[in-house]
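Trainee: My questions concern the predicted model and sequence given below.
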Protein chains: 4
Amino acid sequence: MNLEQIKEKVKNFKVEVPSWGFGRSGTRFHAFHILGEARDVYEKMDDAALVNKVTDAVSAVAIHIPWDKVDDYKALKEYTENKGLKIGAVNPNYFEDEDYLYGSLSNSNIKIRRKAIEQTFECIEIMRQTDSKVLSMWIPDGSNYPGQIDFKHSFELLENSLKQITNELDNDMTMLLEYKFFEPAFYSTLLCDWGTSYMLSKALEEKVKVLVDLGHHPQGTNIEYIVSLMSFKRKLGGFHFNSRKYADDDLTVGSLNPYELFLIFVELNKYFDLSLENQEISLVLDQSHNIKPKIPAVVQSLNNLQITYAKSLVVDYEQLRQAQDEQDVIKAEEILKSAYETDVRGILRELRKEKGLPEDPINNLLQREEYKRIIKERI
Amino acid sequence: MNLEQIKEKVKNFKVEVPSWGFGRSGTRFHAFHILGEARDVYEKMDDAALVNKVTDAVSAVAIHIPWDKVDDYKALKEYTENKGLKIGAVNPNYFEDEDYLYGSLSNSNIKIRRKAIEQTFECIEIMRQTDSKVLSMWIPDGSNYPGQIDFKHSFELLENSLKQITNELDNDMTMLLEYKFFEPAFYSTLLCDWGTSYMLSKALEEKVKVLVDLGHHPQGTNIEYIVSLMSFKRKLGGFHFNSRKYADDDLTVGSLNPYELFLIFVELNKYFDLSLENQEISLVLDQSHNIKPKIPAVVQSLNNLQITYAKSLVVDYEQLRQAQDEQDVIKAEEILKSAYETDVRGILRELRKEKGLPEDPINNLLQREEYKRIIKERI
Amino acid sequence: MNLEQIKEKVKNFKVEVPSWGFGRSGTRFHAFHILGEARDVYEKMDDAALVNKVTDAVSAVAIHIPWDKVDDYKALKEYTENKGLKIGAVNPNYFEDEDYLYGSLSNSNIKIRRKAIEQTFECIEIMRQTDSKVLSMWIPDGSNYPGQIDFKHSFELLENSLKQITNELDNDMTMLLEYKFFEPAFYSTLLCDWGTSYMLSKALEEKVKVLVDLGHHPQGTNIEYIVSLMSFKRKLGGFHFNSRKYADDDLTVGSLNPYELFLIFVELNKYFDLSLENQEISLVLDQSHNIKPKIPAVVQSLNNLQITYAKSLVVDYEQLRQAQDEQDVIKAEEILKSAYETDVRGILRELRKEKGLPEDPINNLLQREEYKRIIKERI
Amino acid sequence: MNLEQIKEKVKNFKVEVPSWGFGRSGTRFHAFHILGEARDVYEKMDDAALVNKVTDAVSAVAIHIPWDKVDDYKALKEYTENKGLKIGAVNPNYFEDEDYLYGSLSNSNIKIRRKAIEQTFECIEIMRQTDSKVLSMWIPDGSNYPGQIDFKHSFELLENSLKQITNELDNDMTMLLEYKFFEPAFYSTLLCDWGTSYMLSKALEEKVKVLVDLGHHPQGTNIEYIVSLMSFKRKLGGFHFNSRKYADDDLTVGSLNPYELFLIFVELNKYFDLSLENQEISLVLDQSHNIKPKIPAVVQSLNNLQITYAKSLVVDYEQLRQAQDEQDVIKAEEILKSAYETDVRGILRELRKEKGLPEDPINNLLQREEYKRIIKERI
């Protein structure tokens, strides 16, 4: 692929931003007030639009229910579209309702299970009204102590609840099953690894797929291998992009171990064209910026993703395959390294110029009156 | 040691309970309402007294400032003593004030650093008024992203702040320096391991010692070795007892890997008599019971500690040393195993009978009118 | 279950011992000479028989090809049976042949792949001759560096090789697919987690099942949950018992975190009767005793397993389920704890007496003339 | 620093290569034969010289005793110097002698302890004869099972042995104390973290310092923080460069998580000028190339280090400090990122041209007659 082709690809590469990335977030110890935090879903849409104005790299805004609940979803949709955006994945919340103390979709109490199912049906209805096609499910159910739950019983209850939910989905809707190693459950988690999500996605309908969140694995896990496996088994549904050093730290994507992120994109390019408007997989940021100002942090994240995607396109995949066939370990590695060492920021500057975008989107944002006004107004 | 001697030791074995263990706590996702949560420091003292009533195993109540701030500390002391307890370690909070967004005692802004120091002085004053002898410091300062802080600069600022604080301590006071691998900082933590706490404790006065929290280590860490090292280097200051499977999960002590807890007690017995009224080291529970009812969970924790301490006393330390000298790996291991496999619950039942305590403290608690009243009243 | 019933179950509980557990083993730094190491497969059978003589807890001897290659397998079978034992799982070796530098069953070189398949066919033939029913496959294929292999290509080659092998299996034979997080491959491993083994076991025939080695998981993994999942999905094929603190340390089973081992047995009891002569699942020791004398280490391992199995039978499973249905976290946990705290060594002593076995098998072994002779002769 | 200055620094940046990096190595499962392996210490020196011929980046050759034992060290020194190199750190081996089964310098058997000390004295004598100034100690002593050793006793024995050794050192010699989380000991390791090495280095003379091996930490450890701490406490003695994904994988430095390596160099530049001929710290490769051809792998490693060092020099340290003082997290991070994203390969090509070196040292090596001859001859 020549530089022109890479530029074209990166030009069309877009990612969903999460509404919750613009609001307050924190650790269990404290959620600090950060300048410029959005206070409702409309401000979140404003912020996403502002991010898009300086990057043109936002495909949609993922929403979280009930955090983004409104009376009139058609109005929310219209508001969003007037800002040049659309509503992306709908994320039901199974961790905040007091009833979910001992689980949601797998709760052994049928009333609570029923409530969790109904709440998901409501999300599907919101999808219909907002024209969202992706139901993105993170189910934190599990246990904190040995003995607390019977694994088989809980798993079967979860499977049964999910069956009811998939039945409710329209034909053009996809359900993504996110997994996570631990937290908030600290002894067992029903969907704790790709294997559990995959197993359920096979047992359910074809429209159920696996979502990979980059921070949800045990230390050392080869994530790019999981991505590849799920891709060629046609079960990769999408990503939650972020970064971590320890547990599920939810840091800026690409801020730690950017080479790992690059290797993930290298695998993705083998199975998907990420520059297509209607990507087969869902690419969503999912970060918790506890100390960074939110809007610049999202711009920085998109910039990191663009850099990484561009580098992954520099890889000579044919040569790579040839080196692999020759079992030449050093040569194969150097082909990847050579792409990774390439400074692609020139490509980004150029395509931004062509699009009429600022070359340095972070600094441009910080100097915009619009941004300064937000900082002042939201206190 | 014969059974009678073990019984006597366990009879006198007491542990501090944390005031915060009776109030609400949770994860970053949610803090669920749990039946019977204490709503202020007086209720916490009531709960600690109730725990002590069914266990006679509480040495004192550790408090947390500002959570347990009151106008009149003499009155709080009196209230506590009237309940048959005393006030234990005082724990300053460096993670909740909005000013501490970028650090407290190591903040590069001198005003904020000064504030953190002053706040600690206030805690020392509270110690004086409540007759507490232990200042228990957990300093979460660190950074979330590469480049955010200069390690040397931050470390020196921290060291300097601590110097000022130790100067303020009375002669009979001890400062404990807790360390933690990560969280809430997700890239670097100034006091991230025993080495950092030890290094500072050496640079500061003799009254500064190292506190070991069982959940604050990287996976696989041999904690009993650290405990032994700090003990014979005369720098072990105390413990925060809890349990974990993944990160700093703050589960009930002994609920996961109880053998590790046993091995820690085996080391402690080599250097300390934990049954003395004035233990040289501070033993404090530090758990976050997000789903268990708080008061029974504390009773359960004390029971786990008593079982483990009793087992550790069953070890034949002379035989152990002999097997070690003979380099007989299996024999040495079997000596530990033999003690560990002993069912010491009979000893506990007996000593409880002798003390006029219920043999099954958890169930006794649950059936007490006093407890039922608490459950009803606090909603 | 009353004590008598527990005793009967433990009486009939038997485990396979590995022939390689009696020979030399070590780390990559050195394999130390240990007193009494077996020097060929016949000595290994002698040792297994000696272990069985003092424990009556050995069901069979697992063998490893080519380490245990002989000219006449019928003779080996006869030799083993004359010792009162039989031959258990056959384990092909895919990590030692110089041709497997870049992989065995997934090698992109068809000649080497073919060689690995043929070698496995040979193992199946050995199974026929020794009346073994279990082909236990650990396939270390993977890569050390990014780019070295194409994940999809390698996985498909592996799948294809396994298909050829399963076709060759007799109807009453089972193939077990072991997985391992890492080592000897240090970047990617094709069968790196239960999900990969499970996925292949589903794609292949029903006779392919998943083998769980206790040391092959990332730190923190809830192994008992995986065991439960595989059990109720009817894909659990068996175990390699050992223990670890860090990586795949291959220490004595039960020597670290014995509570975790207990929790695994608690799950197993829900799905299997481990005391049956023809267990549905394969239970095999797989340890690398680098510093312990081999034969006593195996006796110690069996003793640890008997203790753990006995404790797991003490659990009141009905009460446990009831506490789970009531969502009483503390009660459910205490039911497990109560069983775990029980000293079952009395049960073991009794059943050994009834069987005419020594009450303390380790010490009995050490004092036997037979054992002393082995120590003297094998230098 | 401008490009010219960076080029000058990188030009003078040199690293020790380990003699053992050219010989056979492997995992505990197998040590594969790799084309072109050196068979004795003279061939290792030849290989190091060849590496230097295509890179001019080798400062010295670290040797390992007894692997590199010769009758005449003066002759070895002369041979090495005739190749344009010198002998670097001397590494005593405490893991291979059969007597060290239960430890070397901490063995409770005084005869074995004495042997280990004498062996180290011998290494110091070799240092004198080869003009080496660095004694690089990795002491694997520890235990595999609870109870095996008494921690205090073993630690004190180790400390005492080290005292005797430091007394024997000449005034211009330095002793480096390497630490390692685990392996080959699987339960406890006496020097398991920087804290243990630091503690001993403080207790011993000033000439004892801490050596950081990049693969010897628990997962998630912030190594750059340790490097910084040890540097400003004047206790950093040197590095063993390599890379890892799981445990102590000993892969090519920079092959995984190159950003972490960059962050380490960023810290080093704050305290040291790594381009000086007589660096204050010892920089040594320590890798185990189990599947890569050895000589090209060393060339690749040096290239990775040069790239990383060059990038770390691009950082604007003044701006960085200013952003830190302003507590501008994103700006500080972007300053690092901006340097990291720079393609410095042009600088390398240029300085190689200036030095008359091949621009692509790996491919140049592979095509050299000298290298082809080595491949052919050594079978």
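Mentor: Right, received. Where do you want to start?

Trainee: Near whichever residue of the stretch 201-350 of chain A sits closest to chain C, how many other residues are there?
Mentor: Among all residues of the stretch 201-350 of chain A, A:Pro218 sits closest to chain C, at 3.3 Å; criterion: CB to the nearest CB. C-beta here means a position set from N, CA and C on the backbone, and glycine is covered the same way. For A:Pro218, the count of nearby residues is 20 (other CB atoms under 10 Å in any protein chain shown).

Trainee: List phi and psi for the most centrally placed residue in chain A.
Mentor: Residue closest to the mean C-alpha point of chain A, counted by CA atoms, centre = their mean, is A:His240 at 2.4 Å. Main-chain dihedrals, A:His240, degrees, to the nearest 10: phi -110, psi 110.

Trainee: Hmm, it is touching A:Leu211, no?
Mentor: Yes. Using CB atoms under 8 Å, A:His240 is in contact with A:Leu211, at 6.5 Å.

Trainee: shared neighbours of these two, anything?
Mentor: Common contacts of A:His240 and A:Leu211, defined by CB atoms under 8 Å, 6 or more residues apart in numbering or on different chains, comprise A:Glu178.

Trainee: The nearest residue to the residue of the stretch 201-350 of chain A closest to chain C once chain neighbours are set aside and B:Gly26, how far apart?
Mentor: Of all residues not flanking A:Pro218 in the chain, C:Pro218 sits nearest, at 3.3 Å (CB to CB, 6 or more residues apart in numbering or on different chains). Counting by CB to CB, to the nearest Å, the separation of C:Pro218 from B:Gly26 is 26 Å.

Trainee: Look up which helix or strand the closest residue to A:Pro140 other than its chain neighbours falls in, please.
Mentor: Of all residues not flanking A:Pro140 in the chain, A:Phe95 sits nearest, at 4.8 Å (CB to CB, 6+ apart). Under DSSP states H and E, no helix or strand contains A:Phe95.

Trainee: what's the neighbour count on A:Phe95?
Mentor: Using other CB under 10 Å, A:Phe95 has 17 neighbouring residues.

Trainee: Contact partners for it?
Mentor: Contacts of A:Phe95 (CB under 8 Å, 6+ apart): A:104, A:140, A:184, B:29-30.

Trainee: Check whether A:Gly88 sits in a helix, strand or coil.
Mentor: Under DSSP: H, G, I helix; E, B strand; the rest coil, the three-state class of A:Gly88 is strand.

Trainee: What residues does the stretch 201-350 of chain A have near chain D?
Mentor: Residues of the stretch 201-350 of chain A lying near chain D by CB under 8 Å from any CB of the partner chain: A:219-220, A:222, A:245-246, A:252, A:255-260, A:291-293, A:296-297, A:300, A:307, A:329-330, A:333-334, A:340-345.

Trainee: which among these end up buried?
Mentor: Among those, those classed as buried by neighbour count (16 or more other CB atoms under 10 Å in any protein chain shown) are A:219-220, A:222, A:245-246, A:252, A:255-260, A:291-293, A:296-297, A:300, A:307, A:329-330, A:333-334, A:340-342, A:344-345.

Trainee: Next, check those residues against the helices and list the overlap.
Mentor: Per DSSP state H, helices hold the following members of these: A:258-260, A:296-297, A:300, A:307, A:329-330, A:333-334, A:340-341, A:345.

Trainee: Quick check, the residue nearest to A:Pro218 in contact with C:Phe181.
Mentor: Yes. In this structure, C:Pro218 is within contact of C:Phe181 by CB under 8 Å, at 5.5 Å.

Trainee: and for the two, which residues touch both?
Mentor: Taking CB under 8 Å, 6+ apart as the criterion, C:Pro218 and C:Phe181 both touch A:Gly220.

Trainee: any idea of the mean pLDDT for stretch A:236-256?
Mentor: Confidence for stretch A:236-256, expressed as mean pLDDT, is 98.

Trainee: How about that stretch, which residues are buried there?
Mentor: When burial is assessed from 16+ other CB under 10 Å, stretch A:236-256 yields the following buried residues: A:236-256.

Trainee: How about that stretch and chain B, touching?
Mentor: Yes. Contact of stretch A:236-256 with chain B (CB under 8 Å from any CB) involves A:244-247, A:249, A:251-252, A:255-256.

Trainee: The residue nearest to A:Pro140 and D:Val329, how far apart?
Mentor: According to CB to CB, A:Phe95 and D:Val329 sit 28 Å apart.

Trainee: what does A:Ser275 give?
Mentor: 31 Å.

Trainee: And A:Glu277, by the same measure?
Mentor: Separation of A:Glu277 from D:Val329 (CB to CB): 34 Å.

Trainee: is the residue nearest to the centre of chain A in a bridge, and if so with what?
Mentor: Applying DSSP bridges to A:His240 yields these beta-bridge partners: A:Asp213, A:Val284.

Trainee: For it, which residues are in contact?
Mentor: A:178, A:211-216, A:284-286.

Trainee: again, 6 Å this time
Mentor: Listed by CB atoms under 6 Å, 6 or more residues apart in numbering or on different chains, the contact set of A:His240 reads A:213, A:284, A:286.

Trainee: what about the last one, how many residues close to it?
Mentor: The local packing of A:Asp286 (other CB under 10 Å) involves 27 other residues.

Trainee: Was I right to think it contacts A:Phe239?
Mentor: No. Between A:Asp286 and A:Phe239 there is no contact under CB atoms under 6 Å: 8.5 Å.

Trainee: partners of the longest strand anywhere in chain A in the sheet?
Mentor: Under DSSP state E, the strand in chain A containing the largest number of residues is strand A:58-65. In the sheet, strand A:58-65 lines up against strand A:15-18 (parallel), strand A:87-92 (parallel) (DSSP bridges).

Trainee: List the buried residues of that strand.
Mentor: Within strand A:58-65, the residues that qualify as buried are A:58-65, counting by 16+ other CB under 10 Å.

Trainee: Within range of chain C, give me the residues from chain A.
Mentor: Residues of chain A that fall close to chain C, judged by CB under 6 Å from any CB of the partner chain: A:102, A:145-148, A:150-152, A:188, A:194-195, A:218, A:222, A:225, A:228, A:232, A:263, A:324, A:327, A:329, A:332-333, A:336.

Trainee: Figure out the helix or strand that A:Ile226 lives in.
Mentor: In the assignment (DSSP H and E), A:Ile226 maps to helix A:223-232.

Trainee: Residues touching that helix, excluding its own?
Mentor: A:194, A:210, A:236, A:263-264, A:267, A:271, C:151-152, C:188.

Trainee: Give me the subset of those residues lying in helices.
Mentor: Counted as lying in helices by DSSP H, out of the contacts of helix A:223-232, are A:194, A:263-264, A:267, A:271, C:151-152.

Trainee: ok, which stretches of the stretch 51-200 of chain A are helices?
Mentor: Taking DSSP state H, counting those that start in this stretch, the helices of the stretch 51-200 of chain A run over residues A:73-82, A:110-130, A:151-168, A:194-203.

Trainee: now for these, which one comes closest to C:Pro358?
Mentor: C:Pro358 lies closest to helix A:151-168 among the helices of the stretch 51-200 of chain A, at 38.5 Å (CB to CB).

Trainee: Look up the closest residue to the residue of the stretch 151-300 of chain A found nearest chain D, ignoring the ones flanking it.
Mentor: Using CB to the nearest CB, the closest approach of the stretch 151-300 of chain A to chain D is made by A:Gln219 at 3.7 Å. In this structure, A:Gln219 finds its nearest non-sequential neighbour in D:Gln219, 3.7 Å apart by CB to CB, 6+ apart.

Trainee: cool, and A:Gly23?
Mentor: What sits nearest to A:Gly23 in space, not counting adjacent residues and going by CB to CB, 6+ apart, is A:Ala38, at 5.2 Å.

Trainee: Kindly tell me how buried A:Phe186 is, as a neighbour count.
Mentor: By the criterion of other CB under 10 Å, A:Phe186 has 27 neighbours.
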